[in-house]
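**Q** show me the folded form of this:
(chains A, B, C and D)
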2 protein chains.
Amino acid sequence: MVFQFKVQINEGLFIRNPEDTELGRKILKHSVQMIHQLGFEDFTFKKLAEEIHSTEAGVYRYFENKHKLLIYLTSWYFSWLTFHIKFITNNIENNKDRLSKVISLLAKPIEDDEQTSYIDESLLHSLIVAEASKSYLTKQVVENNKQHFFKPYQDICNLIGDFILAYNPTYKYPKSLASTIIEVAHFQNFFMHNISSLTDFSKKKQESQLVEFLSDLVFSSIEQRRDKG
Amino acid sequence: MVFQFKVQINEGLFIRNPEDTELGRKILKHSVQMIHQLGFEDFTFKKLAEEIHSTEAGVYRYFENKHKLLIYLTSWYFSWLTFHIKFITNNIENNKDRLSKVISLLAKPIEDDEQTSYIDESLLHSLIVAEASKSYLTKQVVENNKQHFFKPYQDICNLIGDFILAYNPTYKYPKSLASTIIEVAHFQNFFMHNISSLTDFSKKKQESQLVEFLSDLVFSSIEQRRDKG
DNA sequence: TTTTAATTAATAGTATTACTATCATAAATA
DNA sequence: TATTTATGATAGTAATACTATTAATTAAAA
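**A** Numbers count the residues shown, from 1 in each chain, chains lettered A, B, ... in the order given. Model prediction:
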């Protein structure tokens, strides 16, 4: 039996569901590759259309604009991550071990998941590190939030927040700490690869140092509060 | 005696120094206002030119493009912040008090500084919270870093990193913690105003809660390590 | 003072982007 | 067979991000 992972994405993010058709899946696959390669600013629907031997108008039939495509990909990533976190923490009783697993998963490079043929999770992770912030750092963020475009981000923060509370029920800022773990994992990763002077990570063992930095940050904070009560 | 604050900005960021002429200062002042108002994506040199009753080509004589203007403003902000941190921590001997002051300064809204007439620091701070990441989240980041465009960010991380080391000389990640303080201050501020479900900050006392969250995060981490030695 | 050189302003123009609209055709379905 | 649905092909538009040209003004040199 092959177990197929399927994400539920907010319908306001697309015009036609790209997972339903061959062309749609091609759009997803190649947009991940091209945004990763060109950066979001230089990526255009025209270039994408040429790459997949379709037309600009063809792409517009799936996505209203490239910003919605970016939010779509971010949603996809967070939904996939939430699923993965639930999977790897399943049956782990110890609250500290569970949180450790989550931090490691977030801070280390992602490997491609064979279960989804049309999205390369490893590429998508690199893309997210560099581009995901742009999905909400806009003037339309409040409007987009009202349309629940960031729900997958909220879901993963709630999940990690619950893990934090399970470890220490008196900790006062579980959701802020959860969003902090995610964001710090992303931009420290970006800095160490691109502006390394903003970090303390040496060329070797970068990822394990990032895991140590983040783990230290999170656990000392939660544990301290638990002691204080 | 009037004490005038003057920033030294990397010459590669502008074509003509905007601080030297009336038109240049108008460009700075109104670009802060307009980027804050429209967001970076919808801000154009044409709109700016109309606002200041000059021409598009006139603006292009000062800045090559709007991305360099954004890096200029980010540099200006970090240089100004570094100056301010040195000012308010001057004569404070206690290492913990000093770090506390820095965290409060970063996490609270900035008030306009009368010393610089053409830039409203309060507006600039809002702009930085929403837009600063876009100055480095690009495909040109490594190239830009080689040109030392992010030096003011490095300087402030080194300064805060030194404060961290003064408090605990054995802490292993002073620069990563410094950049984390800055980034967390920014995006938690953005989240609490725009996607509040990603934080735990109530409508009231938001800023003081953010200060508490950040202080707790930073000090528990540094102090724990000091105990462990 | 006059001429010349340099700077700045104003206007036009171009390639690209981010779309929208229309019509044709092929494939799937009722 | 009729008809819905998906894709393709082509064209068109307003705005963006610039560049280039020429005109006007100012400053420096003869």
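**Q** residue A:129 touches residue A:186, doesn't it?
**A** Yes. At 4.9 Å, residue A:129 and residue A:186 qualify as touching, with contact defined as CB atoms under 8 Å. Just so you know, the C-beta spots here come from the backbone N, C-alpha and C atoms, and that holds for glycine as well.
**Q** tell me, what's the model's pLDDT at the closest residue to residue A:40 other than its chain neighbours?
**A** What sits nearest to residue A:40 in space, not counting adjacent residues and going by CB to CB, 6 or more residues apart in numbering or on different chains, is residue A:131, at 4.8 Å. pLDDT recorded at residue A:131 is 98.
**Q** next: the one 4 residues further on.
**A** Per-residue pLDDT puts residue A:135 at 98.
**Q** so it sits against residue A:74, correct?
**A** Yes. With contact defined as CB under 8 Å, residue A:135 and residue A:74 form a contacting pair (4.7 Å).
**Q** go through stretch A:56-72 and flag the buried ones.
**A** Using 16 or more other CB atoms under 10 Å in any protein chain shown as the burial criterion, the residues of stretch A:56-72 that qualify are A:58, A:59, A:61, A:62, A:63, A:66, A:67, A:68, A:69, A:70, A:71, A:72.
**Q** if you could redo that for stretch A:172-184, that was the one I meant.
**A** Buried, per 16+ other CB under 10 Å, within stretch A:172-184: A:173, A:174, A:175, A:176, A:177, A:178, A:179, A:180, A:181, A:182, A:183, A:184.
**Q** quick one: mean pLDDT for it?
**A** 98.
**Q** who's in contact with the residue lying closest to residue A:197 once chain neighbours are set aside?
**A** Leaving aside its chain neighbours, residue A:197 sits nearest to residue B:154 (5.0 Å; criterion: CB to CB, 6+ apart). Counting by CB atoms under 8 Å, 6 or more residues apart in numbering or on different chains, residue B:154 touches A:195, A:197, A:198.
**Q** now residue A:105
**A** A:81, A:84, A:85, A:88.
**Q** what helix or strand is it located in?
**A** Element membership of residue A:105, judged by DSSP states H and E, is helix A:95-107.
**Q** pull out the buried positions in that helix.
**A** A:96, A:98, A:99, A:100, A:101, A:102, A:103, A:104, A:105, A:106, A:107.
**Q** contacts only, for the third one.
**A** Right, residue A:99. Contacts of residue A:99 by CB under 8 Å, 6+ apart are A:160, A:163, A:164, A:167, A:218, A:219.
**Q** what's the answer for the second one, then?
**A** Under the criterion of CB under 8 Å, 6+ apart, the neighbours of residue A:98 are A:89, A:92, A:163, A:166, A:167.
**Q** show me the shaky parts of chain A.
**A** A:1-4, A:115-116, A:225-229 (pLDDT under 70).
**Q** quick revisit: so how far is the helix holding residue A:105 off the chain centroid?
**A** 15 Å (CA atoms, centre = their mean, to the nearest Å).
**Q** then stretch A:210-228?
**A** The answer for stretch A:210-228 is 22 Å, by CA atoms, centre = their mean.
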